[in-house]
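K.L.:
Below: sequence and its predicted model.
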Amino acid sequence: MSFASTWADLAPVGRADDGGYRRFAWTAEDHTLREWFAGEASSRGLDLMTDRAGNQWAWWGDPDATPGVVTGSHLDSVPGGGAFDGPLGVVSAFAALDQLRERGVTPRRPLGIANFVDEEGARFGVACAGSRLITGVLDADRALGLRDADGVTMADAWRAAGRDPGTLGPDDEALRRVAAFVELHVEQGRGLVHGDDPVGVGRMIWPHGRWRVELRGEANHAGTTPLADRRDPMLDLAAFVGHAREAAQQHGALATVGKVRVDPNGVNAIPSQVTAWLDVRAESADAVDAVLAALADYAPAQESWTPATVLDADLADTVAGAVSGVLGGSPRLSTGAGHDAGILAAAGIPTAMLFVRNPTGVSHAPTEDADEADCLAGIDALAAALERLLA
């Protein structure tokens, strides 16, 4: 199966009129994506397993006899997300497996392909939920109580998807099957744009987290309430956004307010409450802490946190050597974007990452891109790395 045909099969799922994607966990689109993954596994004679968080694993060989090497990524998206964030890693994983088989490679240990559920956290607010759940970082009871924008809990979403929420939780058995994990991902920045190398090797993932801020006011009529008498939380929101940016600039961090909920959200009504979500990332946890300290008056409530993740150096060297062997170069990159690879690395699983050049440097938007030639180079790099790790 060619990369182009496999990519074309997946491309229409969850696509919006603006060219972006809306692929949220445990929705009809997610069901279609999971069926696609199961079909790709079945067509290759792979054994499909689903863990206690709903993550899918397609195995070539028996990982219960010998722990294997796993590759893959996720298929869900942010609202209006690009086509490549996540799916490129899954499609490339299947393509790399095909390449190994075409070359007659006989692996000495199993090869797995993973589809991690709810990596973006777009529906329930916690990123990398699937990997956080199986590693125990995200408590199952807390996860089941998370609500989406329509008030639907994750427990309700699981039931609607035909799953038993009582099975949700850590999965040591699934983790024991993984001896090493290599995640290929489109680059979500500009580290490769101006160079000659289409593929880079990950070095570290910045510390990052999400916080919720509640700004309360007083609901009232937009046409009869004098400005001096108003308690408008939208003004507090504007000040908060400005203070977050100032703090980020001062401490060399990145701070983003990208999601807001306004109650009652009427055109002719002063809001009673605004809820805003703050995303903060930096090269060091101290810088993140400094930003939060500057915003302490707003009482940010932490919803998720991932410390700095230095990816396995020995595995990275092995992967970089394999990549250089087929492409001639493999620059090392750090990233401010979170990944399931970081969650598995923090759980003690040797983990490496490959990044495929993104000519626009844009991600989490419809203009996210990757040239087909670079995608094919990424598959060659991944196949070379897997062949070395499976020997």
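P.N.:
Okay, I see it.

K.L.:
Correct me if wrong, but residue 113 is in a helix.
P.N.:
No: Residue 113 is assigned strand when assessed by DSSP: H, G, I helix; E, B strand; the rest coil, not a helix.

K.L.:
Relative to residue 217, how far out is it?
P.N.:
Here residue 113 is placed at a distance of 50 Å from residue 217 (Cβ to Cβ, to the nearest Å). The way it works is simple: take the backbone N, C-alpha and C, and place the C-beta from them, glycine included.

K.L.:
Compare those two (neighbour count), which wins?
P.N.:
Set residue 113 next to residue 217 and count neighbours by other Cβ atoms under 10 Å: residue 113 wins out with 26 against 19.

K.L.:
My read is that that one contacts residue 47, right?
P.N.:
No: using Cβ atoms under 8 Å, residue 113 is not in contact with residue 47; the gap is 10.9 Å.

K.L.:
joint contacts of those two?
P.N.:
41, 58 (Cβ atoms under 8 Å, 6 or more residues apart in numbering).

K.L.:
Give me the below-cutoff pLDDT ranges for this protein.
P.N.:
Counting by pLDDT under 70, the chain has low-confidence residues at 1.

K.L.:
again, 90 this time
P.N.:
Filtered on pLDDT under 90, the chain yields the residue ranges 1-2, 329.

K.L.:
Which parts of it are helices?
P.N.:
Assigned by DSSP state H, the chain shows helices spanning 3-10, 28-43, 87-102, 129-135, 140-145, 154-160, 172-176, 233-251, 285-294, 313-327, 340-346, 372-390.

K.L.:
Tell me which of the ones you listed sits nearest to residue 274.
P.N.:
helix 233-251 (4.3 Å; Cβ to Cβ).

K.L.:
Touching the closest one from outside, list them.
P.N.:
213, 215-217, 253-257, 260, 262, 271-274, 276, 278, 280, 282, 287, 290-291, 294-295, 298.

K.L.:
Which members of those occur in strands, if any?
P.N.:
If you go by DSSP state E, the contacts of helix 233-251 have 213, 215-216, 254-257, 260, 262, 273-274, 276, 278, 280 in strands.

K.L.:
Of those residues, keep whichever come out buried.
P.N.:
213, 215, 254, 255, 257, 262, 274, 276, 278, 280 (16 or more other Cβ atoms under 10 Å).

K.L.:
farthest-separated two in the residues you listed?
P.N.:
The distance between the two most remote of these (Cβ to Cβ) is 24.4 Å, for 254 and 262.

K.L.:
Would you mark the buried spots in stretch 172-189?
P.N.:
Here stretch 172-189 shows 174-175, 177-189 as buried, counting by 16+ other Cβ under 10 Å.

K.L.:
which one of those sits closest to residue 333?
P.N.:
residue 187 (7.2 Å).

K.L.:
Skipping adjacent residues, who's closest to that closest one in space?
P.N.:
Nearest non-adjacent residue to residue 187, counting by Cβ to Cβ, 6 or more residues apart in numbering: residue 355, 4.1 Å away.

K.L.:
residues near that neighbour, how many?
P.N.:
Neighbours of residue 355 using other Cβ under 10 Å come to 25.

K.L.:
can you pull the contacts of it?
P.N.:
Shown in contact with residue 355 (Cβ under 8 Å, 6+ apart): 184, 185, 186, 187, 191, 192, 199, 200, 201, 202, 333, 335.

K.L.:
quick one: it from residue 374, how far?
P.N.:
Residue 355 is 10 Å from residue 374, where distance means Cβ to Cβ.

K.L.:
any residues in contact with both of those two?
P.N.:
residue 199.

K.L.:
Among the buried residues of stretch 172-189, which are located in strands?
P.N.:
Judged by DSSP E, strands contain the following of the buried residues of stretch 172-189: 178, 179, 180, 181, 182, 183, 184, 185, 186.

K.L.:
Using the record's assignment, carve this structure into domains.
P.N.:
Per the record, the chain has its domains at 3-206+308-390, 208-306, by automatic domain parsing.

K.L.:
Just say which of these is most tucked in.
P.N.:
Sort the domains of the chain by mean neighbour count, taking mean count of other Cβ atoms under 10 Å, and domain 3-206+308-390 sits at the top with a mean of 20.

K.L.:
ok, so of the buried residues of stretch 172-189, who is nearest residue 99?
P.N.:
Among the buried residues of stretch 172-189, and counting by Cβ to Cβ, the member closest to residue 99 is residue 184, at 13.0 Å.

K.L.:
what residues are up against that closest one?
P.N.:
Residue 184 neighbours (Cβ under 8 Å, 6+ apart): 71, 73, 88-89, 92-93, 353-356, 378, 381-382.

K.L.:
List just the nearest of the ones in strands among the contacts of helix 233-251 to residue 5.
P.N.:
Nearest member of these to residue 5, counting by Cβ to Cβ, is residue 256, at 36.7 Å.

K.L.:
Check the gap between the nearest residue to that closest one once chain neighbours are set aside and residue 131 for me.
P.N.:
In space, and not counting its chain neighbours, residue 256 is closest to residue 279: 4.5 Å by Cβ to Cβ, 6+ apart. Computed with Cβ to Cβ, the distance linking residue 279 and residue 131 is 18 Å.
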